[in-house]
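In: Task: produce atomic coordinates for the following.
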Amino acid sequence: MTPPPSPHEHENPPGPESFVPVDAARESARPGRSGVSQSTREIIALTWPVVLGQIMANAVPLIDIVMLGKLGTPTLAAVGYASQFLMLAQASLMAIGSACVAMMARAIGARDPVHARQAFGANLWLALGVTALFCAITIPFPHQLLHLLAVKEEVIDLAVPYFRLTIASSLPMALALTYEHAFRAAKNTIVPMVIASLVSVLKVVCNYYLIFGHSGFPQLGLAGAGIATLVSQSVAVVLFLVASARARATQPGVHLGLADLRSKRASLNEAFYVALPAVGERFVMNIAMMAYFRFLGGYGVHAVAAYNVGVRILAFTWIPGLGLSVAAATLVGHALGAGDAVLARKSGWESMRIGLVIAVVLGALFITLRVPMAKVFTNDPNVIADLDPFILLLGCALPFLVTHFTLGGALRGAGDTMTPLKAAAIGNWVFRVPLGYLFGQVLHLNLFWVWLIMLIDHLARAIWLVWSFQFGNWHLRVGTRTSRKVSTAAGAASAASPS
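Out: Have a look, this model is predicted:
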């Protein structure tokens, strides 16, 4: 077992001898006895717990929809509108989490646990600060914000309690997601999987009792689902704190002491520098989605309900890409921290190739079973009719979605959060929003064309990120103190590589 670091360890930063030699690192790319390279096995080992945890986590919104669907189509629409704002908060936290992975993975790859903990603490403060500001802006003004999406008054009345409760849950979510990303940066995806599974079960149980009022609990309807979200996120924080304390000896980078929480200004500056474009990327996407959602409202409540169900199904399609993006970000960060840009590049491409195989199989399954899938979530024939082409086009878009998820994760792991921001801006503001306005508001085309924009968005982002990963200088990106230590070694290794 690795002993805890000395409190004075930061006074003697590791020298070149602490880096993994390039030749040794390349050994991980060689095939093993099974014919599968070590890098592929490591990608799969990091990916499967993320996938399993995300299946559990994403099953919960679907179960929400199944339960709340019994309360009627207006309730489904209310959930869809209110969830846009929670997704905006969650997206910002995921962006800060990607900065946490980039900074911590480089530090851990460079054998510098003190800097890893300082990076962790800085990102924790950044996540809490951003979330507190978001709550202060949104919780007092739900009616005004929902009116911006052209929501009907009767739907707003249903949505407001749920809106406030779910936005409040973003505060414990800020802590839980930052801890989750810290464990991932340390190549531990098992702990987040276990916690996600436990919290998902808790959320479903709370839903059952609070939505419908079973066993003497009050029947709270949609507000009950909001309370269940707040309770489950709070429990997640407690579980991560316990897991962090238990990991103190074996993974010192993920256990914070008071000294680590008193982060130096340099660490906060690093976190801000890396996180700002990532937060910008999420805002670019989510504000575009709100505009797209407004255009969609012109097609009626059934189209909105279909989208609300469809986006829950869409969340499942993200899971392989998300798992592989986590693996790519972690391995790229560790490789660059060890001074090996060749292995970093190989990890990104290998993750993408694995993702494409999964995407093709999953896409074919979605296309074949789209009508039975729609019927699982609603028995309204109008919603099913609108959902059918959504799932069809989603299946076609999956290879592009997995591609930009995976390569975006690899770039963020390198500390390059600007390139994924540009990809999001192109996909959403060059294509999704202008075409949504043109097809929906100007030409008044049928709903199929509005769904088609989703595919065009993902295709544009995939093309941009493939080109950037192949020809960009992301491996020389200087975004953190650790990257400055290793950028020269990484550049030399890259120059020597035929790739």
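
In: which residue ranges form the helices in the stretch 201-350 of the chain?
Out: For the stretch 201-350 of the chain, applying DSSP state H, counting those that start in this stretch gives helices covering 222-246, 258-261, 265-297, 301-337, 341-368.

In: How far off centre is the host helix or strand of residue 423?
Out: According to DSSP states H and E, residue 423 maps onto helix 418-425. Distance of helix 418-425 from its chain centroid, counting by CA atoms, centre = their mean, to the nearest Å, is 15 Å.

In: what packs against it?
Out: Applying 3 or more CB pairs under 8 Å, 6 or more residues apart in numbering; DSSP states H and E, one finds that helix 418-425 makes contact with helix 265-297, helix 381-413, helix 447-471. The way it works is simple: take the backbone N, C-alpha and C, and place the C-beta from them, glycine included.

In: Make a markdown table out of those helices and add distance to residue 64 and mean pLDDT.
Out: Formatted as a markdown table, those follow (distance: least, CB to CB, whole Å; pLDDT from 0 to 100):
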| stretch | distance to residue 64 | mean pLDDT |
| --- | --- | --- |
| helix 265-297 | 18 | 81 |
| helix 381-413 | 16 | 90 |
| helix 447-471 | 22 | 93 |
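
In: Including mean neighbour count and distance to residue 80, could these go into JSON lines?
Out: Formatted as JSON lines, those follow (neighbours: other CB atoms under 10 Å; distance: least, CB to CB, whole Å):
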{"stretch": "helix 265-297", "mean neighbour count": "20", "distance to residue 80": "8"}
{"stretch": "helix 381-413", "mean neighbour count": "24", "distance to residue 80": "12"}
{"stretch": "helix 447-471", "mean neighbour count": "20", "distance to residue 80": "15"}
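
In: Take the ones you listed and write them to JSON lines, including distance to residue 150.
Out: As requested, the helices and strands packed on helix 418-425 are exported to JSON lines (distance: least, CB to CB, whole Å):
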{"stretch": "helix 265-297", "distance to residue 150": "5"}
{"stretch": "helix 381-413", "distance to residue 150": "18"}
{"stretch": "helix 447-471", "distance to residue 150": "15"}
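
In: Could you tell me which ranges of the stretch 101-250 of the chain sit under the pLDDT cut-off?
Out: By pLDDT under 70, the stretch 101-250 of the chain contains no weakly predicted segment.

In: Next one: the nearest residue to residue 187 once chain neighbours are set aside from residue 38, what distance?
Out: What sits nearest to residue 187 in space, not counting adjacent residues and going by CB to CB, 6 or more residues apart in numbering, is residue 330, at 6.0 Å. Going from residue 330 to residue 38 by CB to CB, to the nearest Å gives 15 Å.

In: any idea how far residue 156 is from the most centrally placed residue in the chain?
Out: With distances taken as CA atoms, centre = their mean, the residue of the chain nearest its centroid is residue 94 (5.0 Å). Between residue 94 and residue 156 the computed distance is 27 Å (CB to CB).

In: what does residue 116 give?
Out: Going from residue 116 to residue 156 by CB to CB gives 45 Å.

In: between these two, which one's more packed in?
Out: Remark: of residue 116 and residue 156, residue 116 carries more neighbours, 30 against 19, as counted by other CB atoms under 10 Å.

In: host element of that one?
Out: Secondary structure (DSSP H and E) places residue 116 in helix 113-138.

In: Can you give the distance of that helix from its chain's centre?
Out: 16 Å.
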